[in-house]
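Asker: Model the following, please.
(2 chains)
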There are 2 protein chains.
Amino acid sequence: MSPEQRARLASLDTPALLLDEPRLVQNLTKMAKRAAADGIPLRPHLKTAKSIDVARLAADLGADRWTVSTLREAEYFAAHGLSDMLYTLSIVQAKLERVMALNRTGADVAVCLDTPEGAAAIAAMALDGPPLRVFLEIDVDSHRTGLRPGETRLIETAERIAAAPRLSLAGVMAHGGESYASRSRADIEAMAEQERSIAVAAAEALRAEAIACPLVSIGSTPTACFSRSREGVGELRAGVYMFQDVFQANLGVCTLDDIAASVLTTVVSAAPHLNRLIIDAGGLALSKDRSCASQDNDCGYGFFTDEDGRWIENLHVTGVSQEHGYVTTRDGTPLPFADFPIGSRLRVLPNHACMTAAAYDRYTVLTADGGTDDWQRINGWEPYP
Amino acid sequence: MSPEQRARLASLDTPALLLDEPRLVQNLTKMAKRAAADGIPLRPHLKTAKSIDVARLAADLGADRWTVSTLREAEYFAAHGLSDMLYTLSIVQAKLERVMALNRTGADVAVCLDTPEGAAAIAAMALDGPPLRVFLEIDVDSHRTGLRPGETRLIETAERIAAAPRLSLAGVMAHGGESYASRSRADIEAMAEQERSIAVAAAEALRAEAIACPLVSIGSTPTACFSRSREGVGELRAGVYMFQDVFQANLGVCTLDDIAASVLTTVVSAAPHLNRLIIDAGGLALSKDRSCASQDNDCGYGFFTDEDGRWIENLHVTGVSQEHGYVTTRDGTPLPFADFPIGSRLRVLPNHACMTAAAYDRYTVLTADGGTDDWQRINGWEPYP
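Answerer: Alright, predicted model coming up:
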């Protein structure tokens, strides 16, 4: 860390969200290269970063299509010049006017759905704007929702879209969320193959009925990293890879040294009788996500580095109240209290970066040139701006 | 719900945070009466509501002192005219200038700490402003942090404060957070008695050393509701009682009909093969808090009411992704899909209101007069404004 960066961190009120640009760029580059090696376009998911500055770095590496998790993201990114976005929450009538308003300005937002009823509702609407691209969501692992290759509802849903003059069936999409339960690289590869093969089977089922299905869009960070085949796949989606987190490190998708987002925190108290440090990053600053609890290398609510980003192997956040984080040793040995005096600062590596980052409206960025910057995040659901 | 309120809800993008003013006022009134019956001033904790409109309702019922969980809250509430606030995260040097800046304007923010080192650090500072009131935090249940009545560190910490010309020892404070693990009213009363007796014992230990300890400040929503004695207690603190939530209902502190905050959500999909509805309130809209998991009446990530606020007994949120909520029946029977068509709207009663509300910058308020209003929330940690 440069003297300028050190001074900036010292000036920050804590808790604060930090973003390490060199790590971010490295993560973006690795995934872009991986997709390029597979010969598959990447459609980065912007739900983790929610930042135009991050999206621009991905665009510099070739990305020209995007995934968004909220309409507010779609509006924000469209206002900053992005187009060709896939909104991944099943579309309903009440949300469609926000999509159409964007598409009338050329944002080219595609939607998804996965029921005949949902398709009928959208098909019945008078849509003012260019034809709306619709993806069918396919259930590849019972993780979320979706249609399945063998069921008549798949064909029925597709036919309703194909028959609607203002709708265009863009393809099928799937998210292999169960890959998060993997225990090994072989598990992830098996989940990736399941995600691919079922999504492709759904596309083939449509084509067998003479329904055009141009694109098969799949992905999650683990399955975008490790796979045995990409046959029939038209694009890959992933998001958390940009920042990575302890959960992904435990999956073997990255190392702790790849984690680009962290929470700067201050030691505010020490309770020797509880073998505990207290930090000013609690349930709101870190999120109450405990996904790691199911993994071997459980970090509690986060691991630690020092201010310079060097991992402190034996510390973790064992519990949180709203504003208090409770820290102790991982192996139960006495805390070296003298190493972490009251007022000293640490960085928390998040359990789940998407959840942790959402508590903050901006990033303090440690830039590649040794400087710092402020990048905005776009949280929430209300119309932008 | 009035036609005006119904129309306003229909116009909202979801997810959205709703606040039922009559329930809020009822919750505020009950707690104000309870404290008045005990003859103890209430110091409402504003960490749950983070709203000046809510604080004003509490002030109308007699509150004239406040608890805050962040300095941003302190700055926001001071800017809106509140004074006499207790900031409940152990104070450190780097945070003190924000407190002193407020106190120079008359905000009268008190701080707390619980280590000799922390006291020495504050005592060593040149403080520009009126004398700073300092509470000693007492550990009553090993839940958080704090000094204990029997230890020499308690006296040592108090003496460092008492000896500092710019510091004023305001008293002792404790939060019986372990009351959240109670399984019965008798459990809560026992925790309340433990909270009271240990905090009072700490005050007596100071007085035995001829150290003035004017105030004993204790509280949590459960222990503020049920207690066997208030002897020696100078004030009560509580926060979540304003909104209540499923966790508090399961504790027996309120009923589900008392819950004032809810998340308006839309059914966006249905997966019959998974016996699942999908709503647009996921891990960010509801939080990933799973405190209820340890209780008998586990609600998952939330229970449901219809748009009018009537409990739907057999539904709960069993899982969440970032933007998806997964809903099924509590008893495992088939979902009545026809009752919850795609596009229909529901309200989620939060597992833990403090966490859920933090995802939103404002409340849509269903006011007591049958109208609606918008109330601001003040999230985050950066200086206000």
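
Asker: Would you pull up the residue in the stretch 51-200 of chain A closest to chain B?
Answerer: Among the residues of the stretch 51-200 of chain A, residue A:90 lies nearest to chain B; the distance is 3.9 Å by C-beta to the nearest C-beta. All C-beta spots, glycine's among them, are computed from the backbone N, C-alpha and C.

Asker: That residue: neighbour count?
Answerer: The local packing of residue A:90 (other C-beta atoms under 10 Å in any protein chain shown) involves 25 other residues.

Asker: got it, and residue A:334?
Answerer: 9.

Asker: about what we covered before: pretty sure the residue of the stretch 51-200 of chain A closest to chain B contacts residue A:147?
Answerer: No. Using C-beta atoms under 8 Å, residue A:90 is not in contact with residue A:147, being 11.0 Å away.

Asker: Kindly point out which residues are neighbours of both of those two.
Answerer: Common neighbours of residue A:90 and residue A:147, counting by C-beta atoms under 8 Å, 6 or more residues apart in numbering or on different chains, are A:114, A:115, A:137.

Asker: Reformat these as JSON lines; add neighbour count and distance to residue A:171.
Answerer: Below are these laid out as JSON lines (neighbours: other C-beta atoms under 10 Å in any protein chain shown; distance: C-beta to C-beta, whole Å):
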{"residue": "A:114", "neighbour count": "27", "distance to residue A:171": "13"}
{"residue": "A:115", "neighbour count": "26", "distance to residue A:171": "17"}
{"residue": "A:137", "neighbour count": "28", "distance to residue A:171": "11"}
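
Asker: returning to what we had before: where does the residue of the stretch 51-200 of chain A closest to chain B land on pLDDT?
Answerer: Here, the pLDDT recorded for residue A:90 equals 98.

Asker: next one: residue A:304
Answerer: For residue A:304, the model assigns a pLDDT of 98.

Asker: So what's the gap between the strand or helix carrying it and the chain middle?
Answerer: Here residue A:304 sits within strand A:302-305, counting by DSSP states H and E. Centre-to-centre, strand A:302-305 and its host chain are 20 Å apart (C-alpha atoms, centre = their mean, to the nearest Å).

Asker: Contacts for that strand, please.
Answerer: The set of residues external to strand A:302-305 that reach it, using C-beta under 8 Å, 6+ apart, is A:246, A:256, A:262-263, A:281, A:286, A:311-312, A:315-317, A:325, A:327, A:346-351, A:356.

Asker: just stretch A:73-86 next, same as before
Answerer: If you take C-beta under 8 Å, 6+ apart as the criterion, stretch A:73-86 is touched by A:43, A:46-47, A:50, A:52, A:55, A:59, A:64-68, A:87, A:98-99, A:102, A:105-112, A:135, A:173, A:217, A:237, A:378, A:383-385.

Asker: Which positions in it come out as buried?
Answerer: Going by neighbour count (16 or more other C-beta atoms under 10 Å in any protein chain shown), the buried part of stretch A:73-86 is A:73, A:74, A:75, A:76, A:77, A:78, A:82, A:83, A:85, A:86.

Asker: From those, pick the one nearest residue A:332.
Answerer: Nearest to residue A:332, judged by C-beta to C-beta, of the buried residues of stretch A:73-86 is residue A:73 at 42.5 Å.

Asker: part of a helix, is the closest one?
Answerer: Yes. Per DSSP: H, G, I helix; E, B strand; the rest coil, residue A:73 lies within a helix segment.

Asker: What's the separation between it and residue A:86?
Answerer: According to C-beta to C-beta, to the nearest Å, residue A:73 and residue A:86 sit 11 Å apart.

Asker: hang on, the earlier thing: make CSV out of the buried residues of stretch A:73-86 and add pLDDT.
Answerer: As requested, these are exported to CSV (pLDDT from 0 to 100):
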residue, pLDDT
A:73, 98
A:74, 98
A:75, 98
A:76, 98
A:77, 98
A:78, 98
A:82, 98
A:83, 98
A:85, 98
A:86, 98
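
Asker: so of those, which ones are in strands?
Answerer: Residues of the buried residues of stretch A:73-86 located in strands (DSSP state E): A:85, A:86.

Asker: List just the nearest of the buried residues of stretch A:73-86 to residue B:34.
Answerer: residue A:73 (44.4 Å).

Asker: so what's residue A:341 up against?
Answerer: Applying C-beta under 8 Å, 6+ apart to residue A:341 gives the contacts A:267, B:117.

Asker: and if you look at residue A:176?
Answerer: By C-beta under 8 Å, 6+ apart, residue A:176 lies in contact with A:140, A:141, A:143, A:191, A:192, A:194, A:195, A:218, A:219, A:220, A:222, A:223.

Asker: What does residue A:349 show for phi and psi?
Answerer: Backbone torsions of residue A:349, given as degrees, to the nearest 10, read phi -80, psi 120.

Asker: next one: residue A:8
Answerer: As for residue A:8, its main-chain torsions (degrees, to the nearest 10) stand at phi -60, psi -40.

Asker: Roughly how far does the closest residue in space to it that isn't next to it in sequence sit from chain B?
Answerer: Distances taken as C-beta to C-beta, 6 or more residues apart in numbering or on different chains place residue A:372 nearest to residue A:8, at 4.3 Å, with adjacent residues excluded. Residue A:372 is 16 Å from chain B, where distance means C-beta to the nearest C-beta, to the nearest Å.

Asker: Could you do residue A:267 as well?
Answerer: Distance, residue A:267 to chain B, by C-beta to the nearest C-beta: 8 Å.

Asker: For that residue, identify the helix or strand it belongs to.
Answerer: strand A:261-271.

Asker: Could you confirm whether whichever helix or strand comes after that strand reaches chain B?
Answerer: With elements assigned by DSSP H and E, the helix or strand that comes after strand A:261-271 is strand A:276-279. Yes. Part of strand A:276-279 sits close enough to chain B to count as contact by C-beta under 8 Å from any C-beta of the partner chain, namely A:276, A:278.

Asker: who's in contact with residue A:266?
Answerer: Taking C-beta under 8 Å, 6+ apart as the criterion, residue A:266 is in contact with A:14, A:279, A:280, A:343, A:344, A:345, B:92, B:94, B:95.

Asker: The same query, at a cut-off of 7 Å, please.
Answerer: Applying C-beta atoms under 7 Å, 6 or more residues apart in numbering or on different chains, we find residue A:266 in contact with A:14, A:279, A:280, A:343, A:345, B:92, B:94.

Asker: Identify the residue nearest residue A:277 in space, chain neighbours excluded?
Answerer: Using C-beta to C-beta, 6+ apart and skipping the chain neighbours, the partner closest in space to residue A:277 is residue A:327 (4.2 Å).
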